[in-house]
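J.: give me a 3D structure for the following:
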Amino acid sequence: MFLDDDDDIFGGSPQKKYFDIIFNANRNLVEDELTNNLRKIAALELLLEDMLGEEKDILQIVQNYIWENQEKIDQKTTNLFIEGMGNILTKNE
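T.: Sure thing, here's the model as predicted:
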């Protein structure tokens with residue numbers, strides 16, 4: 001699970017390392033990464049609204065999906081932490 005902060009291979013979980021990086025990297029790079037993430041979330045929400053109709057409670061649908069697919073969500077979250085670290089570190093060099 002991605003919340004395991006005692007992972008000896010990486011010296012901490014991807015989540016912990018991600019936060020270490022965003023708190024220490026160039027502020028502009030971090031702002032760009034976080035802005036890109038929020039734009040992706042906005043696009044996904046709008047896509048769901050278009051597909052399901054605005055009258056549906058999109059946030060409730062998402063919460064239900066998270067509840068029913070916790071392992072898949074945890075794995076994807078870990079992958080996104082790693083991807084975000086890579087994005088910031090690549091631009092920070």
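J.: can you show me the helices along this protein?
T.: Along the chain, counting by DSSP state H, helices occupy 14-24, 27-52, 58-68, 70-92.
J.: got the confidence number for Leu47?
T.: Note on Leu47: pLDDT of 94.
J.: low-confidence ranges, this structure, go.
T.: Applying pLDDT under 70 to the chain flags the ranges 1-10.
J.: change it to 90
T.: 1-12, 53-56, 58-59, 91-93 (pLDDT under 90).
J.: centroid residue for it?
T.: Nearest to the mean C-alpha position of the chain, by Cα atoms, centre = their mean, lies Leu80 at 4.7 Å.
J.: now it: how far from Tyr65?
T.: 16 Å (Cβ to Cβ, to the nearest Å). (Glycine included, C-beta is placed from N, CA and C.)
J.: which residue, other than its chain neighbours, is closest to Tyr18?
T.: Phe81 (4.3 Å; Cβ to Cβ, 6 or more residues apart in numbering).
J.: and Glu45, by the same measure?
T.: Ile58 (5.9 Å).
J.: ditto for Leu48
T.: Leaving out its chain neighbours, Leu48 is closest to Ile58 (Cβ to Cβ, 6+ apart), at 5.1 Å.
J.: was I right about the one you found contacting Leu44?
T.: No. In this structure, Ile58 is not within contact of Leu44 by Cβ atoms under 8 Å, at 9.5 Å.
J.: who has more neighbours, these two?
T.: Set Ile58 next to Leu44 and count neighbours by other Cβ atoms under 10 Å: Ile58 wins out with 17 against 12.
J.: returning to that earlier point: winner for burial among the helices of the chain?
T.: Greatest average neighbour count among these goes to helix 14-24 (a mean of 16), per mean count of other Cβ atoms under 10 Å.
J.: that's all I had, so thanks and see you.
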